[in-house]
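Chemist: Structure for the following, please:
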Amino acid sequence: QVQLVESGGGLVQAGGSLTLSCAASGSISSVKTMGWYRQAPGRQREVVAAITGDGMTNLVDSVKDRFTISRDNAKNTEYLRMNSLKPEDTDVYYCKANVVSPLLGFVEVWGQGTLVTVSS
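Modeler: Numbers count the residues shown, from 1 in each chain. Next comes the predicted model:
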């Protein structure tokens with residue numbers, strides 16, 4: 001079994017910063033692309049940022065100048081550093097990883113979600 005555990009969400013004032021973490025554990029040979037998504041009630045989950053196994057990153061335009069995605073391959077962990085947060089960034093943030101597992105093969109795994117609330 002493979003699981004992702006997220007941490008780092010919370011309440012912050014507009015203009016503030018937060019860092020989300022997402023650690024993969026379990027039956028893992030390697031972790032390929034990892035990503036962050038967000039979802040508000042009644043809306044579809046949307047991608048925020050992604051990072052490949054060799055560190056290539058991509059972020060959506062709305063966060064490109066404010067958020068940074070990174071990873072520590074030795075820890076199978078990815079991070080989302082969020083600066084200059086805006087109230088419209090308020091969402092539940094989910095991490096996702098494409099994992100190669102010796103037991104399960106290639107699997108796509110989601111974290112449990114962490115709430116980020118930005119007050120105005």
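Chemist: which SS state does Ala74 fall under?
Modeler: Using DSSP: H, G, I helix; E, B strand; the rest coil, the secondary structure recorded for Ala74 is helix.
Chemist: And Ser84, how far from Val31?
Modeler: 29 Å (Cβ to Cβ, to the nearest Å). Every residue, glycine included, has its C-beta placed from N, CA and C.
Chemist: swap in Lys86?
Modeler: Lys86 is 30 Å from Val31, by Cβ to Cβ.
Chemist: got it, and Cys22?
Modeler: 10 Å.
Chemist: which of the two has more neighbours?
Modeler: Cys22 (28 against 22; other Cβ atoms under 10 Å).
Chemist: Quick check: which element contains the residue lying closest to that one once chain neighbours are set aside?
Modeler: Of all residues not flanking Cys22 in the chain, Cys95 sits nearest, at 3.4 Å (Cβ to Cβ, 6 or more residues apart in numbering). Here Cys95 sits within strand 91-101, counting by DSSP states H and E.
Chemist: Within its sheet, name the partner strands of that strand and how each one runs.
Modeler: strand 30-39 (antiparallel), strand 105-110 (antiparallel), strand 114-119 (antiparallel) (DSSP bridges).
Chemist: what residues does the first one touch?
Modeler: When you say that, I think you mean strand 30-39. 20, 22, 24, 45-53, 69, 71, 73, 76, 78, 80, 89, 91-100, 113, 116 (Cβ atoms under 8 Å, 6 or more residues apart in numbering).
Chemist: give me the beta-bridge partners of the most centrally placed residue in the chain?
Modeler: Centroid check for the chain by Cα atoms, centre = their mean gives Trp36 as the closest residue, at 3.1 Å. Note on Trp36: beta-bridge partners by DSSP bridges are Ala49, Cys95.
Chemist: The residue of the chain most remote from its centre - nearest residue in space that isn't next to it in sequence?
Modeler: Most distant from the centre of the chain: Leu103, at 24.4 Å, with distances by Cα atoms, centre = their mean. Distance criterion Cβ to Cβ, 6+ apart; nearest residue to Leu103, sequence neighbours excluded, is Ser27 at 4.4 Å.
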